[in-house]
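In: Provided below for reference: sequence and predicted model.
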Amino acid sequence: MKKLFVLLFLFSIVFTISAQTKTDEKISITPKQIIEKYVDAIGGRDAYLNIKDRTMFMTATMQGMTLKITMYQKAPNKLKNVVEVAGMEQTVVFDGSKAYMKAQDKVIEITGTELEKLSIEANMYIATQLDSLHINMTLVGIEKVNDKDAYKIEFSKSPENKWVEYYDKDSFLKVKEIKEMSTPQGNMTQEINYSDYKDFMGFQVPYKINQKIGAQEVNLILKSIEINTNLKDSIFE
């Protein structure tokens, strides 16, 4: 189960970037404007803020095993992630203030920097609250992602909590994310690529998520999604 924890903890960190970032090109857009255009691209601010809860059902294969993943989210910042594989189940829960991971009847409390990272991952309106959460943004430049230009933005909440996101230069959809996290095996890096965006009830949703950690790679496929189904708070206990 430790390997499973490493690979699927929030689907989210990170490879050494070998691609060359264009820093000499004059860029007139700001990081804040890019995020605003991203919100517009996925459906618009009003629709974005109207999502009160979301349930995503995904499947993946890893080392010949089939994984079933269910992610529940409820505004403003509750999250539950359930991974089922080979008769085993791993659960990560964040109730808005406290968090834990449960695997094989063993419960581990999530604290410190990892708790802070989880609170950001769980925030359903994060793209509109970066200023109020005191998350700094720096536009590093333009880099190729899947042979297309993408804006590379570095985010920083604290010295221990930093990550990188890439937004397609034309569509402004998020195409890549790079983060760092602490695991039972030590600090590791993870790269996530988002693709195959499709319309769902007026929202642009990535149906394919490729996750890489070291030499391991997992391809997740979004099978279905439900929005505003009045999820109960008890789900996140």
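Out: That came through fine.

In: CA only for contacts and neighbour counts going forward, please
Out: Will do.

In: ok, now how distant is Pro31 from Phe203?
Out: Counting by C-alpha to C-alpha, to the nearest Å, the gap from Pro31 to Phe203 is 22 Å.

In: do the same with Phe155
Out: Counting by C-alpha to C-alpha - Phe155 and Phe203 are separated by 24 Å.

In: And for Lys37?
Out: 14 Å.

In: Ok, Met71 next?
Out: Distance from Met71 to Phe203, by C-alpha to C-alpha: 18 Å.

In: Kindly report the same for Ile227.
Out: From Ile227 to Phe203 the distance is 11 Å (C-alpha to C-alpha).

In: repeat for Asn210
Out: Counting by C-alpha to C-alpha - Asn210 and Phe203 are separated by 20 Å.

In: could you give the mean pLDDT of the helix or strand hosting Met101?
Out: Using DSSP states H and E, Met101 sits in strand 99-103. Strand 99-103 shows a mean pLDDT of 95.

In: any residues touching it, and which ones?
Out: 1, 88-94, 107-111, 115 (C-alpha atoms under 8 Å, 6 or more residues apart in numbering).

In: what's the answer for stretch 225-234, then?
Out: Looking at what lies outside stretch 225-234 - C-alpha under 8 Å, 6+ apart - the contacts are Ile51, Lys52, Asp53, Arg54, Thr55, Met56, Phe57, Lys74.

In: most neighbours, which of the residues you listed?
Out: Greatest neighbour count in the contacts of stretch 225-234, by other C-alpha atoms under 10 Å, goes to Lys74: 27 neighbours.

In: which residues touch that residue?
Out: Lys52, Asp53, Arg54, Met124, Leu231.

In: Can you say which two of the residues you listed are spatially most distant?
Out: Met124 and Leu231 (14.0 Å; C-alpha to C-alpha).
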